[in-house]
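In: here is my input; please provide its structure:
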Amino acid sequence: MNELLELLRVRRERERIVFTNGCFDLLHAGHVDYLEKAKRLGDVLVVGMNSDSSVRRIKGRERPILPQELRAKLLSALRPVDYVVIFDEDTPL
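Out: Sure, this is the predicted structure:
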């Protein structure tokens, strides 16, 4: 709830919110570069991350390699990432 209130504050103050998404299974340097570039496009970076069930539908039964809780924790630890949201759909749009 605190995160939602913070995003509402950001929006009120007209800061630019950037959104991107992905599976982020086996996080690598390419992901980090991409997220750093995304962050430069605005003030707050929100990353949508596919849930385990969504990744299985997209990439097959053997995926994800890392469970969603661990993937979310790794993403959250990256400097450019402000918020991580997990979604069950194949695409958040």
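In: mind listing the helices for this structure?
Out: Per DSSP state H, the chain carries helices over the ranges 2-12, 29-40, 52-59, 68-76.
In: off-centre distance for the helix-or-strand element of the chain with minimal mean pLDDT?
Out: Taking mean pLDDT, DSSP states H and E as the measure, the chain has helix 2-12 as its least confident helix or strand, at a mean of 75. A distance of 17 Å separates the centroid of the chain from that of helix 2-12, by C-alpha atoms, centre = their mean, to the nearest Å.
In: packing partners of it?
Out: Contacts defined by 3 or more C-beta pairs under 8 Å, 6 or more residues apart in numbering; DSSP states H and E place helix 2-12 against strand 17-22, strand 44-50. C-beta: built from backbone N, CA, C; applies to glycine.
In: give me the residue at the spatial middle of the protein.
Out: Val47 (2.2 Å; C-alpha atoms, centre = their mean).
In: pLDDT below threshold where in this structure?
Out: 1 (pLDDT under 70).
In: on that earlier part again, enumerate every residue touching the residue nearest to the centre of the chain.
Out: 19-22, 24, 35, 75, 81, 83-85 (C-beta atoms under 8 Å, 6 or more residues apart in numbering).
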